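Trainee: Fold the following, please.
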Amino acid sequence: MDFIENIKSFIITQLIRNKKRDNKLRFTDIERANSIGIIFKADNPNNNEVIVNFANQLKHNNKDIQLLAYINKRDEHINYPFPFISNKELTWYGKPGGGTVGYFIRNPFDILINFTTNKCSPLNYIVASSAAKFRVGFNQSEALDYYDFMLVGRENDNATNLIDNLNKYLH
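Mentor: Numbering: from 1, shown residues only. From the prediction side, this is the model:
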């Protein structure tokens, strides 16, 4: 990383760290949750499909499901089957903005699930800022402070494995 990228990374990391979270743990499982927010980094088409199918399955069980994906750079030739943000919606230092992000941050989801398994500052900002009652993440040891429940899967980038772990521990 060059000097400017280090400054940008420092700024967004500090913004995320400064988000205050009350210490009241409001655990709920997927069966009892009425509203579930799902965020993910949409860089793997196979995983995207698995996550969208999981969301549709939850919708069929009368859950209010909202999806939001992060895409580094949008491919104009692809019609994404989910709402997303891209680098165009980020500030100079990487803070996400726009109406969809604001909705996700303000919505008091019963559960917010981040399917991203590696560092993604825009999605970590959304999780850290979220009004969700219970926040679930995967394999992000550097972001433990933003989550109420962290699952560690053997296959980091396999959405099917992540969903299996989620169903095992939150059903």
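Trainee: Using PDB, write out every CA atom in the lowest-mean-pLDDT helix or strand in the chain.
Mentor: None of the helices or strands of the chain scores lower by mean pLDDT, DSSP states H and E than helix 3-17, at a mean of 78. What follows is helix 3-17, C-alpha atoms only, in PDB (Å, rounded to 0.1, in the frame of the first residue of the first chain):
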ATOM      1  CA  PHE A   3       1.100   6.400   1.800                       C
ATOM      2  CA  ILE A   4      -2.300   7.700   0.700                       C
ATOM      3  CA  GLU A   5      -3.900   4.300   0.900                       C
ATOM      4  CA  ASN A   6      -2.500   3.900   4.400                       C
ATOM      5  CA  ILE A   7      -4.000   7.200   5.500                       C
ATOM      6  CA  LYS A   8      -7.400   6.200   4.000                       C
ATOM      7  CA  SER A   9      -7.300   2.800   5.800                       C
ATOM      8  CA  PHE A  10      -6.400   4.500   9.000                       C
ATOM      9  CA  ILE A  11      -9.300   7.000   8.800                       C
ATOM     10  CA  ILE A  12     -11.900   4.400   8.100                       C
ATOM     11  CA  THR A  13     -10.500   2.000  10.800                       C
ATOM     12  CA  GLN A  14     -10.800   4.800  13.300                       C
ATOM     13  CA  LEU A  15     -14.300   5.700  12.300                       C
ATOM     14  CA  ILE A  16     -15.300   2.000  12.800                       C
ATOM     15  CA  ARG A  17     -13.600   1.800  16.100                       C
END
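Trainee: For it, give me every contacting residue.
Mentor: For helix 3-17, contacts defined as CB atoms under 8 Å, 6 or more residues apart in numbering pick out 1, 92-95, 121, 124-125, 128, 145-146. Where you see a C-beta, it was placed from the backbone N, CA and C, and this is true even at glycine.
Trainee: packing partners for the next helix or strand after it?
Mentor: Moving toward the C-terminus from helix 3-17, the next helix or strand (DSSP states H and E) is strand 35-41. Using 3 or more CB pairs under 8 Å, 6 or more residues apart in numbering; DSSP states H and E as the contact test, the elements touching strand 35-41 are helix 45-60, strand 64-71, strand 111-114, helix 121-129.
Trainee: Residues contacting the third one, please?
Mentor: Residues outside strand 111-114 that contact it (CB under 8 Å, 6+ apart): 28, 30, 33, 35-40, 104, 123-124, 126-127, 130, 132-138, 140, 147, 166, 170.
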